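**Student:** sequence first, then the predicted structure, then my questions.
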Amino acid sequence: MSASMSPTEPNRSFPLASDRLRKFAASIHPSRLAAGLDPLLSPSTLLRLQQSSRLQPRLAELLLGSEVDVSGSGWNDDLLLGHDPRRAALLAGSIWHARSVLKLVSKRDLSILVAMIGAEAHVFAIRHLSAAVATTLVADPEQLSRQIEHDGHACLGAWLDEAPALDRIRVLLRLPIGTAVDNPAAEHRSVADPLLSLVVSHLGMEAAAV
């Protein structure tokens, strides 16, 4: 008999595929789920559907496409190594606006900014000041945080546009509809790769340390 699976050997790829689909379904953002099912579904109904272990594989297949082979070698860690896409966007956006972040020094302004983007993104911006993109300074911490989030999501979207379809959608489905990830501009496309390379390297070092 060949080295392939014998008829009596259990095929462990099926439960593995179901587990992957269940885990993925639980991570889909409700707005993406609603768009794929019915925009009129209530948040409570979406939550019940998303938490149903019986329905999770079917929901994931619906949004990913039923032709996706999640049991094969193509289903590896996603492009962000499983990390929150919004976190990755904030890290990228903090580099984009690193010059503004560095100039924000008052205790009050810093506390507002850090409360909105997180201490990690603040430190990350200063660490990668040499890769900053924006030259126009933003002095208001609330406006700066919004710009960081916007440009970070846009860079993430531009970066994902260059990825294989399955890799791209696995990240997009974990983000809400309506962010700049869906509409990056030309200025974001020109710098997305180096910025996201820094972000993914940071996330990868964190994963390796676990």
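**Tutor:** Noted; the coordinates are in hand. Numbers count the residues shown, from 1 in each chain.
**Student:** from now on I want contacts and neighbour counts done on CA atoms only, so please keep to that.
**Tutor:** Noted.
**Student:** longest single helix anywhere in the chain?
**Tutor:** When the chain is parsed with DSSP state H, its longest helix is helix 141-161.
**Student:** just the buried residues of that helix, please?
**Tutor:** 141-142, 144-161 (16 or more other CA atoms under 10 Å).
**Student:** which other residues reach the helix or strand that it is followed by?
**Tutor:** Following helix 141-161 in sequence order, the next helix or strand is helix 165-172 (DSSP states H and E). Residues outside helix 165-172 that contact it (CA atoms under 8 Å, 6 or more residues apart in numbering): 64, 68, 78, 79, 80, 85, 160, 161, 181.
**Student:** which one of the residues you listed is nearest residue 56?
**Tutor:** Set against residue 56, the nearest of those by CA to CA is residue 64 (12.0 Å).
**Student:** residue 132: neighbouring residues, count only.
**Tutor:** Residue 132: 19 surrounding residues under other CA atoms under 10 Å.
**Student:** tell me the contacts of it?
**Tutor:** So residue 132 contacts 95, 96, 97, 98, 99, 125 (CA under 8 Å, 6+ apart).
**Student:** 7 Å - rerun?
**Tutor:** 95, 96, 97, 98, 99 (CA atoms under 7 Å, 6 or more residues apart in numbering).
**Student:** most surrounded residue in these?
**Tutor:** Scoring these on neighbours with other CA under 10 Å, the highest-scoring entry is residue 95 at 32 neighbours.
**Student:** what's near enough to touch the most centrally placed residue in the chain?
**Tutor:** The chain has residue 85 as the residue nearest its centroid, 2.1 Å off, counting by CA atoms, centre = their mean. When contacts are counted by CA under 7 Å, 6+ apart, residue 85 touches 171, 175.
**Student:** equivalent analysis for residue 46, please.
**Tutor:** Counting by CA under 7 Å, 6+ apart, residue 46 makes contact with residue 30.
**Student:** show me the chain divided up by domain.
**Tutor:** 1-75, 85-209 (automatic domain parsing).
**Student:** so for the first one, mean pLDDT?
**Tutor:** The predicted model assigns domain 1-75 a mean pLDDT of 76.
**Student:** which SSE is immediately downstream of the helix or strand residue 93 falls within?
**Tutor:** Counting by DSSP H and E, the element that carries residue 93 is helix 85-96. Downstream of helix 85-96, the first helix or strand assigned by DSSP H and E is helix 98-103.
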